[in-house]
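Enquirer: Mind looking at a prediction? Sequence and model below.
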Amino acid sequence: MKKKKPVSYEMRSATALFKAISLVKSSALLVLFLVLGGIIYISFQTSIDKALQPSPEPIESKLHNNNSSTLDPNRVEKGIHVETGMVYDDNFELVRRSCTSCHSSKLVTQNRATRDGWKQMIVWMQETQELQDLGKYEVKILDYLEKNYSPKDVGRRQNIKIEDEDWYVIKLD
Amino acid sequence: MKSIPSKKKPFGVNRRRFLRDTALSSMAVILGTDIVFGHNLPKGMSILGLEDISASLPGKDGRLSILNDRPINAETPPYLLDDKITPGELFFVRNNGVAPVDVDVNNWTLTIGGESAKKEMVFTLAELKSKFKHYTYQLTLECGGNGRKEFNPPAKGNQWGLGAVGCSEWTGVRLKDVLESVGLKSNAVYIGYYGADTHLSGNADKDAISRGVPIDKAMEDESLIAWAMNGEDIPVLNGHPLRLVFGGWPASCSGKWLSKIVIRNKVHDGVKMTGQAYRIPCDTVGPGEKVADEDMCIIESMPVKSLITFPKTGGVISLKDQLPIRGHAWAGDQIVSKVEYSIDFGATWKSCEMSKPVNRHAWQHFNATISFPKVGYYEVWAKATDDQEVSQPMILPGWNPKGYLNNACHRIAIKVNK
């Protein structure tokens, strides 16, 4: 698969590093890999610990948008944080940090569940998908999910939804 | 979930590539570099909800609806499935993990092993292509969770609408020819696959998905190890350079980026074979009921279903005109025997013309011409019936915790004006 995404600096230097490594004999390579793996593991843990700390500063100062993108990473419209599509509410930052490292926020926002249902999904991810113990933050995460992503009763089958502007004249030949 | 007896690790394939990619993807998780704009994030912050979803997916039509960008999950709106054979760029994507990058076709190998294989053998792609006879079949693949969106109470997972289905022309070798050349022990009951995709967490020791099928399904003529779709390389997101294709069964059985097949002496216990994944309650349950893992059964053949691919829903037509409708119908391991349509919310049904399947597991095509009696709002509903006299339900079928197998009849809205 060809990469379409721009290669970032970190990515490129990592590739260069590995190109250099690949010159070494394969036994040495394995040792290096293990060491590197250790470092990765440790920094991964640290990053998670950091990520889970409630942010003392407003998000604005954390995210600096120096990309050509028109998306403002801090924009909130009608109560929705535009970039993630998540409801901008208490504990938003905590949930974003805890729940979007493996998959995008879209997996969270697509789903609706009771508090117990969310708890079960968290337990399932912990047992099978490498999600870590959320410790004292779990309660707050569940507060957010329950408040903003609870199920609505939609019956056995809903009406077909078509926006006014989406009606079109069928072309027949 | 239980650990897997023989881990995937396609080291034989291209060890260096594998080591580099897994290390990179773990680093990517830490540094947030494997996403668009990721490099803007301060170090130590692993936020990946920032993808540029307006860009279309590699090898895919920009009109697919993207349900999730990490992992990539995208479905095809029904009106784009109008072709008899689904083009690669319109074929839906259901990825459980991260697709491999820089696939090295020349060094790609497929290992056949497992406790019920008489020996372990490794084939290069070139060997597979030269040693075994090639076959081409039109095979329907549908995600087990297609239609999940409609379940109430809501079911967990990607909220698929109607379009996680497609029928393309697949070319490859028969799985049975390859398995027989290796030799199956008499206690073989199941096969399982491993692919080169990686787990979302970046943990290289974890498989994203490793499912399979019973030996009987594996030994069918139409069960392929395929390298081509519609005469071209399989799209990268659909498993290039090699994948399994089992028509009529949940598409998750048809492993992508295929690197290893294990012949098992028990039901394969890879990732997403156990627990509640791709399973439904063995006995039906009421909406929202909790079901213990041991009371869940593996989904095999998919149920009868149909899709109206012309016209697109929301069409306006004048009373003096007749409306042609067309679409496809499929029925897992069965054959569709009839398709009917209704314009009065299921009160009366009229039959459609329909084709025979080109081969087993190919979807069938139907069409009809509708005259509306007067102006107003209509819904056109389609209902297929299989050769066992089983039809699609008009409301949702039985609720199940993970929201699989919604084959309720497809409805489109039409307005008839003066």
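Expert: Looks like it arrived, so ask away. Since we're looking at a predicted model, the values are computed, not measured. Numbering: from 1, shown residues only, chains lettered A, B, ... in the order given.

Enquirer: And for B:Ser186, the neighbour number?
Expert: 6 (other CB atoms under 10 Å in any protein chain shown). Heads up, the C-betas are built off the backbone N, CA and C, glycines and all.

Enquirer: cool, B:Arg326 as well?
Expert: Neighbours around B:Arg326, by other CB under 10 Å: 19.

Enquirer: What of B:Asp283?
Expert: 8.

Enquirer: so who does it touch?
Expert: B:Asp283 is in contact with B:Asp295, counting by CB atoms under 8 Å, 6 or more residues apart in numbering or on different chains.

Enquirer: What pLDDT does the model give it?
Expert: If you check B:Asp283, the pLDDT there is 97.

Enquirer: and the closest residue in space to A:Lys119 that isn't next to it in sequence, which of the three is it?
Expert: Of all residues beyond its chain neighbours, the one nearest A:Lys119 is A:Leu142 (6.2 Å), with distances taken as CB to CB, 6 or more residues apart in numbering or on different chains. Under DSSP: H, G, I helix; E, B strand; the rest coil, A:Leu142 falls in the helix class.

Enquirer: Enumerate every residue touching A:Leu142.
Expert: Counted by CB under 8 Å, 6+ apart, A:Leu142 has contacts A:115, A:118-119, A:122.

Enquirer: for chain A, what are the nearby residues on the stretch 251-400 of chain B?
Expert: B:271, B:275, B:311-317, B:321, B:323-324, B:379, B:394-396 (CB under 8 Å from any CB of the partner chain).

Enquirer: how about the nearest residue to B:Ser355 once chain neighbours are set aside, what does it touch?
Expert: Spatial nearest neighbour of B:Ser355, excluding adjacent residues (CB to CB, 6+ apart): B:His365 at 4.7 Å. Contacts were defined as CB under 8 Å, 6+ apart; by that measure B:His365 touches B:84, B:326-329, B:354-355.

Enquirer: give the contact list for residue 103.
Expert: Went with chain A since none was named. A:His103 neighbours (CB under 8 Å, 6+ apart): B:48, B:68, B:70-71, B:200.

Enquirer: Sorry, I should have been clearer: chain B.
Expert: Taking CB under 8 Å, 6+ apart as the test, what B:Val103 contacts is A:1, B:196, B:236, B:240-241, B:257.

Enquirer: still on that earlier bit, show the buried residues in the contacts of B:His365.
Expert: B:84, B:326-329, B:354 (16 or more other CB atoms under 10 Å in any protein chain shown).

Enquirer: Of these, which is the nearest to chain A?
Expert: B:Arg326 (12.8 Å; CB to the nearest CB).

Enquirer: Helix, strand, or coil at that closest one?
Expert: Going by three-state DSSP: B:Arg326 is strand.

Enquirer: Heading C-terminal from the helix or strand bottoming out on mean pLDDT in chain A, find the next helix or strand.
Expert: Using mean pLDDT, DSSP states H and E, the weakest-scoring helix or strand in chain A turns out to be helix A:59-62, at a mean of 34. Going down the chain from helix A:59-62, the next helix or strand is strand A:76-77, by DSSP states H and E.

Enquirer: Quick check: pLDDT value at residue 56.
Expert: Going with chain A. Looking at A:Pro56, the pLDDT reads 33.

Enquirer: Wait, chain B was what I had in mind.
Expert: 79.

Enquirer: try A:Pro73
Expert: 82.

Enquirer: Next one: stretch B:80-99, is it in contact with chain A?
Expert: Yes: residues of stretch B:80-99 are located near chain A by CB under 8 Å from any CB, namely B:Ala99.

Enquirer: For that stretch, measure first residue to last.
Expert: 25 Å (CA to CA, to the nearest Å).

Enquirer: Can you mark which positions in it are buried?
Expert: Those would be B:80-82, B:84, B:86-99, for stretch B:80-99 by 16+ other CB under 10 Å.

Enquirer: next one: stretch B:147-166
Expert: B:147-166.

Enquirer: filter those down to the ones close to chain A.
Expert: Applying CB under 8 Å from any CB to the buried residues of stretch B:147-166, those adjacent to chain A are B:150, B:152-154, B:156-159.
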